[in-house]
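Trainee: Predicted model and sequence follow; I will ask about them next.
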Amino acid sequence: GNSVTQMEGPVTLSEEAFLTINCTYTATGYPSLFWYVQYPGEGLQLLLKATKADDKGSNKGFEATYRKETTSFHLEKGSVQVSDSAVYFCALRDYGNNRLAFGKGNQVVVIP
Amino acid sequence: DSGVTQTPKHLITATGQRVTLRCSPRSGDLSVYWYQQSLDQGLQFLIQYYNGEERAKGNILERFSAQQFPDLHSELNLSSLELGDSALYFCASSYKKPEDTQYFGPGTRLTVL
């Protein structure tokens, strides 16, 4: 079945550092890929998405490229801020399917 | 603010009890989804309704049921509650097509004592 794997453990980094969160997926069809962000005490917000291979999703300085050959959708940001501290979830939705399959999430803590 | 509302925000109850979680989708959205977020299982899809009818089912226990009403709000009913049902329950809504973005509510935190 469909699944998403995110790198283990929280990520702690200093303000203005470069952020990468790895995400790989397994899917039977042609999935759409998403990054959602969850700020403390809030629901999930869509951060960015890509619907086909080689698409690049971007928003608020975050980027992720849909790589079919490596089945990956890694999230990157060039210079993080304290306000980027949150939990980040990678997710996929298979073509024609409605449900989202999520990774375990990564807690990101940005220190001033 | 996503436009999806969920009530209550917090719910504390005892084992064996029954609770109802409520979700109001964004204006105009026809689909409602329920997800469970727990420490051990992560975020899991439970069930989807589209315009009042069940559309897809995920890892939803038989003790759990849901419905979507004519005004498109949805309720998730959890019965014979167990300690392991303690989790954050999210509702999401989307417009019509499978590829439409799902917008999430703030969640209901259920604690079973």
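Mentor: Looks like it came in fine. Numbers count the residues shown, from 1 in each chain, chains lettered A, B, ... in the order given.
Trainee: Please count neighbours and contacts with C-alpha atoms only from this point.
Mentor: Will do.
Trainee: Distance of the nearest residue to residue A:61 once chain neighbours are set aside relative to chain B?
Mentor: Nearest residue to residue A:61, sequence neighbours excluded (Cα to Cα, 6 or more residues apart in numbering or on different chains): residue A:77, at 5.9 Å. With distances taken as Cα to the nearest Cα, to the nearest Å, residue A:77 is found 23 Å from chain B.
Trainee: Contact partners for residue A:77?
Mentor: A:18, A:19, A:20, A:61, A:62, A:63 (Cα atoms under 8 Å, 6 or more residues apart in numbering or on different chains).
Trainee: Count the neighbours of the residue lying closest to residue B:11 once chain neighbours are set aside for me.
Mentor: Spatially, and ignoring its direct neighbours in sequence, residue B:11 is nearest to residue B:110 (4.8 Å; Cα to Cα, 6+ apart). Neighbourhood size, residue B:110 [other Cα atoms under 10 Å in any protein chain shown]: 19.
Trainee: likewise residue A:98?
Mentor: Count around residue A:98 with other Cα under 10 Å applied: 22.
Trainee: For chain B, what is the nearest residue in chain A?
Mentor: Closest residue of chain A to chain B, Cα to the nearest Cα: residue A:43 (3.9 Å).
Trainee: pLDDT score for the nearest residue to residue B:13 once chain neighbours are set aside?
Mentor: Closest residue to residue B:13 apart from its sequence neighbours, by Cα to Cα, 6+ apart: residue B:112 at 5.1 Å. According to the prediction, residue B:112 has pLDDT 97.
Trainee: Over to residue A:96?
Mentor: Looking at residue A:96, the pLDDT reads 68.
Trainee: Kindly report the same for the one 10 residues further on.
Mentor: We note a pLDDT of 95 for residue A:106 in this prediction.
Trainee: can I assume it is in contact with residue A:90?
Mentor: No - using Cα atoms under 8 Å, residue A:106 makes no contact with residue A:90, being 9.0 Å away.
Trainee: In terms of packing, which of these two has more residues around it?
Mentor: Remark: of residue A:106 and residue A:90, residue A:90 carries more neighbours, 30 against 20, as counted by other Cα under 10 Å.
Trainee: show me what contacts the more buried one?
Mentor: Counting by Cα under 8 Å, 6+ apart, residue A:90 has contacts A:4, A:6, A:23, A:33, A:34, A:35, A:36, A:73, A:102, A:103, A:105.
Trainee: Now it: which helix or strand?
Mentor: Assigned by DSSP states H and E, residue A:90 belongs to strand A:86-93.
Trainee: Neighbour count and distance to chain B for the contacts of residue A:90 - can I get that in TSV?
Mentor: TSV is the format used below for these (neighbours: other Cα atoms under 10 Å in any protein chain shown; distance: Cα to the nearest Cα, whole Å):
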residue	neighbour count	distance to chain B
A:4	22	11
A:6	22	12
A:23	21	15
A:33	27	11
A:34	26	10
A:35	28	12
A:36	19	10
A:73	31	18
A:102	24	6
A:103	23	8
A:105	27	8
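Trainee: before we move on, back to that, pLDDT wise, what is the residue nearest to residue A:61 at?
Mentor: 98.
Trainee: beta partners of it?
Mentor: Under DSSP bridges, the beta-bridge partners of residue A:77 are residue A:19, residue A:62.
Trainee: where along chain A do the strands fall?
Mentor: A:3-6, A:11-14, A:19-21, A:23-26, A:32-38, A:44-50, A:56-59, A:62-65, A:75-77, A:86-93, A:101-102, A:106-111 (DSSP state E).
Trainee: Out of the ones you listed, which one sits most buried?
Mentor: strand A:86-93 (a mean of 25; mean count of other Cα atoms under 10 Å in any protein chain shown).
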